[in-house]
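Asks: Task: produce atomic coordinates for the following.
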Amino acid sequence: MTSNALEKRPVNLGAPVLDLDSAYRLSQALAMASVVPDRLRGKPADVLAIMLYGQDLGMSPMQSLQGIYVVKGKPQLSSQTWTALARRAGHKVRQIESTAERYTVEITTKDDPDNPHRETYTIQDAATARLVTIKEDGSLWARSQKGEPLPWETNPKTMLRNRAISNGAKLACPEVALGFAIEGDYDYIPDETTVEVVAPETALDAVVTEPEKLAEEVSSLVGEFDFSAPVDGEVIEPEVPADYDCICGAVGEHFEDDCPRAAADA
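Replies: Have a look, this model is predicted:
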């Protein structure tokens, strides 16, 4: 083996990946698998980032790929993943009510079992947050900028559950999520940012003239004047200073340009 050959070390799949080389090799292999989500297929760098996110939460690589999403550059957990992590930490998560109009979840923390926290999220709350529009006939309307139906329109019960769990988790046991968002938290972020282009302001007294029109105006002005006619006026010759020395030796008589000797020599 040559000195510059890369040493291939085995990757322990049953333990956290502790070095970048092993982690990236694993992410390259997983990125080629057909069982990973479509959004990650062929993207080993994204797979690596998801794996590192999951490792912070004590999740295996495959659990991370299935339970962590990156929405508009921000990591978020599915509501099922968060619930599993909360229960693994010893907290109790119980569904109280689930309809198309409201969802209520009860979270009982391990260190305070006598004071469970209940969190309710309604479709009216979603409408107030402008996540969905309630029409006059009671139907829901939520579309992307391309006109495609969004989950708030097609699956409101799931979205209400996600938002209720998200709000409850942030208050009852934020240490479980470790700053991660819960599925649905970033619905308010638009897909694309529309930038209004405003024409630059011009001075009020400025006049923009086309080049052809400007040439015509200049020609008309030139025609109003006769530049061949002599101009009446007194020509004032400059006085020769008394101490001015010409090259001919004369002092104070004439300038060098008017020197008669220089003209004769020329």
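Asks: buried set for the helix or strand hosting residue 175?
Replies: Element membership of residue 175 [criterion: DSSP states H and E] is helix 174-177. Going by neighbour count (16 or more other C-beta atoms under 10 Å), the buried part of helix 174-177 is 176-177. Glycine gets a C-beta too; all of them are placed from N, C-alpha and C.
Asks: Show me what that helix is packed against.
Replies: helix 79-88, helix 156-172 (3 or more C-beta pairs under 8 Å, 6 or more residues apart in numbering; DSSP states H and E).
Asks: swap the cut-off to 6 Å and go again
Replies: Applying 3 or more C-beta pairs under 6 Å, 6 or more residues apart in numbering; DSSP states H and E, one finds that helix 174-177 contacts no other helix or strand.
Asks: Residues in contact with that helix: which ones?
Replies: By C-beta atoms under 6 Å, 6 or more residues apart in numbering, the list of residues contacting helix 174-177 from outside reads 85-86, 89, 169.
Asks: Out of the residues you listed, who's the most crowded?
Replies: If you count neighbours using other C-beta atoms under 10 Å, the busiest of the contacts of helix 174-177 is residue 169, which has 28 neighbours.
Asks: Quick check: the gap between residue 28 and residue 41.
Replies: Residue 28 is 12 Å from residue 41, where distance means C-beta to C-beta, to the nearest Å.
Asks: er, residue 132 actually
Replies: Counting by C-beta to C-beta - residue 132 and residue 41 are separated by 31 Å.
Asks: Between these two, which is the more surrounded one?
Replies: Shown here are residue 132 and residue 41; by other C-beta under 10 Å, residue 132 has more neighbours (22 against 15).
Asks: For that one, give me the backbone phi and psi.
Replies: Main-chain torsions, residue 132, degrees, to the nearest 10: phi -150, psi 160.
Asks: check contacts around it.
Replies: Remark: with contacts taken as C-beta under 6 Å, 6+ apart, residue 132 is in contact with 126, 140, 142, 152.
Asks: where does the second one fall, phi/psi-wise?
Replies: Residue 140 has phi and psi values of phi -100, psi 150 when expressed as degrees, to the nearest 10.
Asks: Give the burial count for it, as a bare number.
Replies: Neighbouring residues of residue 140 were enumerated by other C-beta under 10 Å; the total is 20.
Asks: Tell me what it is bridged to.
Replies: Under DSSP bridges, the beta-bridge partners of residue 140 are residue 134.
Asks: May I ask you to confirm that it is in contact with residue 151?
Replies: No: if you go by C-beta atoms under 6 Å, residue 140 and residue 151 don't touch, sitting 10.5 Å apart.
Asks: so residue 120, which of the three states?
Replies: In three-state terms, and counting by DSSP: H, G, I helix; E, B strand; the rest coil, residue 120 is strand.
Asks: ok, it touching residue 103?
Replies: No: in this structure, residue 120 is not within contact of residue 103 by C-beta under 6 Å, at 7.0 Å.
Asks: Quick check on those two: which one has the bigger neighbour count.
Replies: Neighbours per residue, other C-beta under 10 Å: of residue 120 and residue 103, the larger number sits with residue 103, 25 against 15.
Asks: Secondary structure element holding residue 94?
Replies: Counting by DSSP H and E, residue 94 is found in strand 92-98.
Asks: same for that strand, what does it pack against?
Replies: Based on contacts counted as 3+ C-beta pairs under 6 Å, 6+ apart, the elements that strand 92-98 packs against are strand 102-108.
Asks: can you give me the helices for this structure?
Replies: Under the criterion DSSP state H, helices of the chain are mapped to 20-31, 44-56, 61-67, 79-88, 123-128, 151-154, 156-172, 174-177, 211-223, 260-265.
Asks: Fine, thanks again, bye for now.
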